[in-house]
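J.: need a structure here:
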Amino acid sequence: MAEVVIAVRGGPDAKSRCAGLLDPARRAALTRAMLTDMLEAALATPGVQRVWVMTPTADLAALAARAGAAIILEPRAQGLSAAFEHARAAIAKLRPNAVLALLPGDLPLLDPADLAALLAAHREGDVILAPAEADGGTGAIVLTAAIGFDFACGPGSLEAHATAARAAGLNPRIVAAPSLAFDLDRPADVDTLLARTGGARTRALLSDPTAQEAAA
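T.: Model prediction:
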């Protein structure tokens, strides 16, 4: 049985690249909506024992706990790479041999079937990498929890993660997962999301100019 980590930072400073489209309150609400959609999908995924949320944001931690997730509350905001490593190390102390999937918190279209396929693809010694649609990024990383790994999240991270895996003597395998390829990070991504299916709470928030608490 696998462990899943969603790393997310909320509050009015979240999703700052969408500041020209959404005010701080709506960006905070957007982060809550995306997390709620992701939690629903991850908790419904076959083969998942537990879903963790790694966050420095108290209201996101409370939302996740109500949904049934375990919480790792960061004392302060970190970058995504540092958050992933913090979560991996914490989970490795509990279940070192667990298959661990690490996801950023802006994948509102997450489909349980895609996540289950990534987990099923993992074999000992593998690092499974799901490519993102944009910037050569990584939508998800699957590895054994006990394996230390040089996370390099951001533009170009897919190749950086493959290189890090090979340097650690691991086998990088790129496995396409459409619903993990789309991250909502830019104003143009709003139109893309509304043209697709999935992400019900995120879609409701972005479709209604007056909505602030779609995920409350």
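
J.: show me where this protein has its strands.
T.: For the chain, applying DSSP state E gives strands covering 2-7, 48-55, 70-73, 99-104, 126-131, 138-144, 171-174.

J.: other SSEs contacting the last one?
T.: Going back to what we said before, that points to strand 171-174. On a contact count with 3 or more C-beta pairs under 8 Å, 6 or more residues apart in numbering; DSSP states H and E, strand 171-174 meets strand 126-131, helix 157-167. From N, CA and C alone the C-beta is placed, and that goes for glycine too.

J.: what about the longest helix in the chain?
T.: Secondary structure of the chain per DSSP state H: the longest helix is helix 24-43.

J.: please identify the deepest-packed of the helices and strands packed on strand 171-174.
T.: Most buried of the helices and strands packed on strand 171-174 by mean neighbour count (mean count of other C-beta atoms under 10 Å) is strand 126-131; its value is a mean of 22.

J.: can you pull the buried residues of the worst-scoring helix or strand of the chain on mean pLDDT?
T.: Least confident element among the helices and strands of the chain, by mean pLDDT, DSSP states H and E: helix 187-194 (a mean of 83). Neighbour-count burial for helix 187-194, with 16 or more other C-beta atoms under 10 Å as criterion, is recorded at 189-190, 193.

J.: tilt between it and helix 24-43?
T.: Relative orientation of helix 187-194 and helix 24-43, computed by axes from the mean of the first three to the mean of the last three C-alpha atoms, to 10 degrees: 40 degrees.

J.: CA-only coordinates of helix 187-194 in PDB, if you can.
T.: Taking Å, rounded to 0.1, in the frame of the first residue of the first chain, the C-alpha atoms of helix 187-194 are listed here in PDB:
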ATOM      1  CA  PRO A 187      -3.700  33.000 -16.000                       C
ATOM      2  CA  ALA A 188      -3.900  31.100 -19.300                       C
ATOM      3  CA  ASP A 189      -4.300  27.900 -17.300                       C
ATOM      4  CA  VAL A 190      -7.700  29.000 -16.100                       C
ATOM      5  CA  ASP A 191      -9.200  28.800 -19.600                       C
ATOM      6  CA  THR A 192      -7.400  25.500 -20.200                       C
ATOM      7  CA  LEU A 193      -9.000  24.000 -17.000                       C
ATOM      8  CA  LEU A 194     -12.500  25.200 -17.900                       C
END
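
J.: elements contacting it?
T.: Where contact means 3+ C-beta pairs under 8 Å, 6+ apart, helix 187-194 is packed against helix 200-207.

J.: now do the helix it packs on: distance to the chain's middle.
T.: 18 Å (C-alpha atoms, centre = their mean, to the nearest Å).

J.: then stretch 195-206?
T.: A distance of 17 Å separates the centroid of the chain from that of stretch 195-206, by C-alpha atoms, centre = their mean.

J.: now do the phi/psi pair for the nearest residue in space to residue 9 that is not next to it in sequence.
T.: Once flanking residues are discounted, residue 9 sits nearest to residue 77: 5.3 Å by C-beta to C-beta, 6 or more residues apart in numbering. With angles defined as degrees, to the nearest 10, residue 77 sits at phi -70, psi 140.

J.: just to revisit the earlier point, let's have the strands of the chain in CSV, adding mean pLDDT.
T.: Converted to CSV, the strands of the chain look like this (pLDDT from 0 to 100):
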stretch, mean pLDDT
strand 2-7, 98
strand 48-55, 97
strand 70-73, 96
strand 99-104, 98
strand 126-131, 98
strand 138-144, 97
strand 171-174, 97
